[in-house]
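Asker: quick one, what's the 3D model for this:
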Amino acid sequence: MNKSTLTNTALTVLRVIVGFIFAAHGWQKFNEFTIPGTQAAFTQMGVPGASVVAPLVAGLELVGGIALIAGLLTRVFGALLAMDMLGALVLVHAPAGVFVANGGYELVLALGGGALAVALAGAGRLSIDAAAFGRKGSKLGVLA
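Answerer: Residues are numbered from 1 along each chain as shown. As a prediction, this is how the structure comes out:
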């Protein structure tokens, strides 16, 4: 395989795995924890505006995760999900140290880094973005 093929394969793998984990966490907030439960948990964790933030975060993680898997508006959702993880890091997980078993930030950091990498690099050739916006001269080429 040439470098371009390897790069596109790597971007696809990264985007699908990170997207799957985000979608799973969004689904969990809606269906296992429920939105009222997530609002209560966010309030207990000290998240400002928890009653508004909780459904927004749940929706972003679910929809954004699915969008990453599909490679749809990848740079936009990657950036939004990276900001989501930055908020989780600063507001909740940083004081608990590194390890997730102690409520730490290792998963938040990995997901935020993965989302930021996808936002910066784009979805790659195997994506809806490439098919929709990847043509030469496309005014929306920045999205590809």
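
Asker: where does this structure have low pLDDT?
Answerer: 1-2, 139, 141 (pLDDT under 70).

Asker: ranges for the strands of it?
Answerer: Assigned by DSSP state E, the strands in the chain number zero.

Asker: which helix is the longest one in it?
Answerer: For the chain, the helix with the greatest residue count under DSSP state H is helix 3-31.

Asker: any buried residues in that helix, and which?
Answerer: 8, 11-12, 14-16, 18-19, 21-23, 25-26, 29 (16 or more other C-beta atoms under 10 Å). From N, CA and C alone the C-beta is placed, and that goes for glycine too.

Asker: ok, now stretch 135-143?
Answerer: Those would be residue 143, for stretch 135-143 by 16+ other C-beta under 10 Å.

Asker: now stretch 94-113
Answerer: Neighbour count says stretch 94-113 has 104-105, 108-109, 111-112 buried, by 16+ other C-beta under 10 Å.

Asker: repeat that for stretch 39-57.
Answerer: 39, 42, 47, 50, 53-55, 57.

Asker: identify the farthest-apart pair in those.
Answerer: Using C-beta to C-beta, the pair of those lying farthest apart is 47 and 55, separated by 12.3 Å.

Asker: if we can go back for a sec, now the buried residues of helix 3-31 in TSV, with distance to residue 62?
Answerer: Putting the buried residues of helix 3-31 into TSV (distance: C-beta to C-beta, whole Å) gives the following:
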residue	distance to residue 62
8	26
11	22
12	21
14	19
15	16
16	16
18	14
19	10
21	12
22	8
23	6
25	8
26	3
29	8
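
Asker: what sits against the closest residue in space to residue 67 that isn't next to it in sequence?
Answerer: Spatial nearest neighbour of residue 67, chain neighbours left out: residue 77 (4.5 Å); criterion: C-beta to C-beta, 6 or more residues apart in numbering. Residues in contact with residue 77 (C-beta atoms under 8 Å, 6 or more residues apart in numbering) are 60, 63-64, 67-68, 115, 119.

Asker: and the helices in this structure?
Answerer: Using DSSP H, helices in the chain cover 3-31, 35-45, 50-70, 74-88, 106-121, 128-133.
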